[in-house]
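> Dropping a prediction and its sequence here:
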Amino acid sequence: MAYPRKLLSPGESIKFEMRPHWRALLLPMIVLLALVFLGTWLFFLTDSSILRGIIGLVGIVIVLFGVLIPFLRWVTTIYVFTDRRIIVRKGLLKKEGRDVPLAKVNSVSFEQSVLGRIFNFGVLQIESANVDGTLSIKDVPDVEEIQRDVYRLQEEDDVRRRGGSHANGTSPVLPTDGT
């Protein structure tokens, strides 16, 4: 599910977009495997149809809350980085969204746990001059690379807002000869 292009401003383009790291699906997969194994074992261990019905109902509830809802959260969460802003959207029934203009970004930092270093994900912290303060994006794949890309996008946006750039990458507004 890609971010709809019709929601972009005129002249705005998507540089990259992503979902949370696949690691967010590990626990639901483990729950599903454990449920299949344990549920099947308990189902064939009992002779009572009432107990089998209870085991089935409990299994359905566990699949719903332990597997299906986390999967739907993952599928409906998207991080979009454009040449003008950072967009976070999530939610299936209740939508949540937050946009941070690159012009308002003060600093970008990241945190990576030991598990994050092993699986290459982390938390991206974007401090902005907005009233909302810091945008914390969890489970970002390649978080260190994304941090560098956000700084690069911020610099490109700054040059664009100051009047564009020449083909050689210099700004027509800023002097290049030191004067």
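On my side now, so go ahead. Numbering: from 1, shown residues only.
> Kindly check the end-to-end length of stretch 111-129 for me.
Taking CA to CA, to the nearest Å as the measure, stretch 111-129 stretches 21 Å from start to finish.
> Just want to check the distance between the residue lying farthest from the centre of the chain and Leu35.
Here the chain reaches farthest from its C-alpha mean at Asp47, the gap being 46.4 Å by CA atoms, centre = their mean. Applying CB to CB, to the nearest Å, the value for Asp47 to Leu35 is 21 Å. C-beta: built from backbone N, CA, C; applies to glycine.
> what's the answer for Val61, then?
From Val61 to Leu35 the distance is 10 Å (CB to CB).
> mind listing what's buried in stretch 73-83?
Arg73, Trp74, Thr76, Thr77, Ile78, Tyr79, Val80, Phe81, Thr82, Asp83 (16 or more other CB atoms under 10 Å).
> Identify all contacting residues around it.
Residues outside stretch 73-83 that contact it (CB atoms under 8 Å, 6 or more residues apart in numbering): 1, 3, 8, 12-20, 24-25, 86-92, 102, 137, 140, 146, 149-150, 153, 156-157, 160.
> if you set the cut-off to 6 Å instead, what comes out?
For stretch 73-83, the surrounding residues in contact (CB atoms under 6 Å, 6 or more residues apart in numbering) are 3, 12-18, 20, 24-25, 87-92, 137.
> Any idea how far apart the tips of it sit?
Using CA to CA, one end of stretch 73-83 lies 26 Å from the other.
> How about stretch 59-69?
Across stretch 59-69, the terminal residues are separated by 14 Å (CA to CA).
> pLDDT on it, on average?
Across stretch 59-69, the average pLDDT comes to 94.
> try stretch 108-120
Averaging pLDDT along stretch 108-120 gives 92.
> quick one on the thing from earlier: now restrict the contacts of stretch 73-83 to buried residues only.
Buried members of the contacts of stretch 73-83, scored by 16+ other CB under 10 Å, are Met18, Pro20, Ala24, Leu25, Ile87, Val88, Arg89, Lys90, Ile137.
> Which ones among those lie within strands?
Met18, Ile87, Val88, Arg89, Lys90, Ile137 (DSSP state E).
> so which of the residues you listed comes closest to Phe110?
Ile137 (9.4 Å; CB to CB).
> mind listing what's buried in stretch 52-60?
Ile55, Gly59.
> for that stretch, the distance to its chain's centre please.
Counting by CA atoms, centre = their mean, to the nearest Å, stretch 52-60 is centred 34 Å from the centre of its parent chain.
> Now do that stretch: everything it contacts.
Residues outside stretch 52-60 that contact it (CB under 6 Å, 6+ apart) are Leu35, Gly39, Leu42, Phe43, Thr46.
> how near is Ile54 to Ile62?
12 Å.
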